[in-house]
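Engineer: could you look at this predicted model? Sequence included:
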Amino acid sequence: MSTPFDAPQHSGSTQTRLNSVPADGGGGGGGGTNVDTQRLDEAANALVELRGDTENVDNSADDDCLSASRGLNKHSAGGMAEAGSWATAGSLVTMDVRWGSQVLNLKSLLQEISDKLHTTTGHYTSTEQEEQARQHSISTPFG
C-alpha cells in the first residue's frame, strides 16, 4: 500500500532537495516555496485512517487477552495464584491495561499530527490566496 509518506527510491547517493532551491543549484534567494497542500491533506487523512485501524486492532487484542485470561482460570478457583488460579491470567490483564494505555497515547499522537497537518494546509492556502489578491491589486503602468 502506497502512502503519501512514500518517496521514490534513488540508487546511489543520497539527495536532499528543498522546494525553494532550483534543481540546477544556485540559491541565495529569489526562489519561492512551493507547498503541495493536497499531499499534506492526504498525509493527514492517512493518519486518521491509521488511527481508526489502531482502534480496531486494540479492540481485537483486548478481546483476545481477556478471553485467554478467562481460559486460564476456567478450571481453577478465581483469585490469587495461591488459591488455585493461574498467575499468568492476572499478568495478561495487567498487560492488557498497559497495552490500552499505549494505544490511547498513539491514537492521541496520530490525531495531533493529523490536526497540525490540516492546520498547516489551511495556513498555506490562506497565505497563497492573500498573496494572489495582493498581486492582483498592484497596478502597473503596463496594464
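Structural biologist: Nice, I can see it.

Engineer: show me where pLDDT drops low in the protein?
Structural biologist: Within the chain, the segments meeting pLDDT under 70 span 1-32, 75-85, 143.

Engineer: which residue ranges of this structure form helices?
Structural biologist: 37-73, 87-137 (DSSP state H).

Engineer: Ser69 and Met95 touch, don't they?
Structural biologist: No. The pair Ser69 / Met95 is not scored as a contact, 9.7 Å apart, by C-beta atoms under 8 Å. C-beta here means a position set from N, CA and C on the backbone, and glycine is covered the same way.

Engineer: deepest of the helices of the chain, which one?
Structural biologist: helix 37-73 (a mean of 15; mean count of other C-beta atoms under 10 Å).

Engineer: so what secondary structure elements neighbour it?
Structural biologist: helix 87-137 (3 or more C-beta pairs under 8 Å, 6 or more residues apart in numbering; DSSP states H and E).

Engineer: by how many degrees do the helix it packs on and helix 37-73 diverge?
Structural biologist: Calculated by axes from the mean of the first three to the mean of the last three C-alpha atoms, to 10 degrees, helix 87-137 forms an angle of 170 degrees with helix 37-73.
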